[in-house]
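Student: Sequence plus predicted model, see below.
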Amino acid sequence: MISTCIIGASGYTGAELIKILIRHPHFSLDTCYVSAGSADSDKPIGAIHPQLFGQTELVTQSLDSGELSQIAEQYGAIFLATPHEASHDWAQALSGKKAKIFDLSGAFRLKDARVFEQFYGFQHQETGVLSSAVYGLAEWHEDAIKTASFIAVPGCYPTASLLALKPMTEAGFLDPNVRPIINATSGVSGAGRKPSMTTSYFEVSLQAYGVLGHRHTPEIEEYCGTSVIFTPHLGQFKRGILATITMRLRTGITTADIQQKFEQHYANQPMVRLRDSWPKIDDVANTAFCDIHWKFDEDSGYLVVCSAIDNLLKGAASQAVQCANLVFNQATETGLL
Ligand SMILES: NC(=O)C1=CN([C@@H]2O[C@H](COP(=O)(O)OP(=O)(O)OC[C@H]3O[C@@H](n4cnc5c(N)ncnc54)[C@H](OP(=O)(O)O)[C@@H]3O)[C@@H](O)[C@H]2O)C=CC1
Ligand SMILES: CC(=O)N[C@@H](CCC(=O)OP(=O)(O)O)C(=O)O
């Protein structure tokens, strides 16, 4: 068994990682860390995440950031389910040691350090880790992930968007004069466990946010190689993302060409399901799948693709475990089906 720990175990993605890792055939979850001074330190996991009541004996431990280097020699894999700033600040001490690092935050997803100031609100200092980090879009970066030591697990909206876009962008099918338009709606768990006015039960009502400025725009653009118009929406449900993506294709592309590209990339990828009807969030909530369906109008050249994921799983925790499976030479779906 490969020894693992989670840092940020009291959060929503931390809870999903615990659920997966305690049942995984090749990883053992040995420690659940919370931050120093956390209200959730020294608590049984079942007291913080009641769905896990009776499922594990683990009790949260407070993390002493002075011990990060030592922790990185202790485990085979470390999952960082922490805010961007915490991952950024701790990455250097964790890197280059025995442990492979799987960072669920956005701190190491973009290659240009300057972009962080504009979109994340902090100055990136860790350019060394940034340049060696591999973007963990499991279905597309498999070879690079297998040999990586530090994996930047993609954001939830970028996962849903890129899995739908990339078969077309990689094939060069897009009309270069028309940007893809991504409209996506997420459940409130996308905002994390910390309470806030915008995610409070009484306040949430379907609404766009982050218009023409969300930090996932540069992430999507970097990994599909084209500018996009991305509009996220907050929905009145707990978990899941539905992304509807409209693209204009070059003249002459046919329905059969599109079908061939989606099948070429995903026919052998067990976590992506090419559906024969429009996916619903309920079809993927609490699963590690990304469901995709599309329709093409050959007359106008417009293609509409719908992609549905669970933001906490394929958009975070299960994709992190897919990456860990690849790093440790296991099938991508191990422990996820
Ligand atoms: N929610 C989602 O759908 C997705 C989230 N992500 C990313 O994954 C990461 C975790 O997200 P999520 O689980 O939703 O977030 P949560 O807010 O639910 O959990 C974050 C965890 O980190 C701990 N933490 C908070 N502040 C600090 C700090 N300064 N230093 C160390 N630890 C801290 C928190 O509590 P404690 O004080 O108890 O330690 C908590 O356990 C984030 O970077 C997020 O952006 C990525 C994709 C999807
Ligand atoms: C509904 C909601 O608030 N969603 C989050 C995205 C969650 C995610 O993917 O997180 P990171 O890229 O931050 O890791 C947001 O829009 O900020």
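Tutor: Yes, it's here. Residues are numbered from 1 along each chain as shown. Ligands and ions are numbered 1, 2, ... in the order given.
Student: Now for the residue nearest to residue 293 when sequence neighbours are not counted: which residues touch it?
Tutor: Nearest non-adjacent residue to residue 293, counting by CB to CB, 6 or more residues apart in numbering: residue 275, 4.4 Å away. Just so you know, the C-beta spots here come from the backbone N, C-alpha and C atoms, and that holds for glycine as well. Neighbour list for residue 275: 283, 291, 292, 293 [criterion: CB atoms under 8 Å, 6 or more residues apart in numbering].
Student: what two of those have the greatest distance between them?
Tutor: Across the contacts of residue 275, the longest distance by CB to CB is 11.2 Å; it joins 283 and 292.
Student: what residues are shared contacts of the two?
Tutor: 275, 308.
Student: higher neighbour count, those two?
Tutor: Remark: of residue 283 and residue 292, residue 292 carries more neighbours, 23 against 17, as counted by other CB atoms under 10 Å.
Student: thinking again about what came up before, show only the entries of the contacts of residue 275 found in helices.
Tutor: Judged by DSSP state H, the contacts of residue 275 include residue 283 as members of helices.
Student: so how far is ligand 1 from the residue nearest to residue 293?
Tutor: When distance is defined by CB to the nearest ligand atom, to the nearest Å, residue 275 is 22 Å away from ligand 1.
Student: now do residue 94
Tutor: For residue 94 relative to ligand 1 (CB to the nearest ligand atom), the value is 13 Å.
Student: the strands in the chain, which residues?
Tutor: 2-7, 27-34, 61-62, 77-80, 100-103, 134-135, 150-152, 181-186, 207-208, 229-234, 241-248, 272-274, 290-297, 302-309 (DSSP state E).
Student: what about the residue in the stretch 1-150 of the chain that ligand 2 sits nearest to, neighbour count?
Tutor: Using CB to the nearest ligand atom, the single residue of the stretch 1-150 of the chain nearest to ligand 2 is residue 106, 4.1 Å away. Counted with other CB under 10 Å, the neighbours of residue 106 add up to 22.
Student: likewise the one 5 residues further on?
Tutor: Residues lying near residue 111 (other CB under 10 Å) number 13.
Student: for it, what are its contacts?
Tutor: Taking CB under 8 Å, 6+ apart, we find residue 111 in contact with 130, 131, 222.
Student: Count the neighbours of the residue of the stretch 1-150 of the chain at minimum distance from ligand 1 for me.
Tutor: Ranked by CB to the nearest ligand atom, the top residue of the stretch 1-150 of the chain for proximity to ligand 1 is residue 11, at 1.9 Å. By other CB under 10 Å, 24 other residues sit near residue 11.
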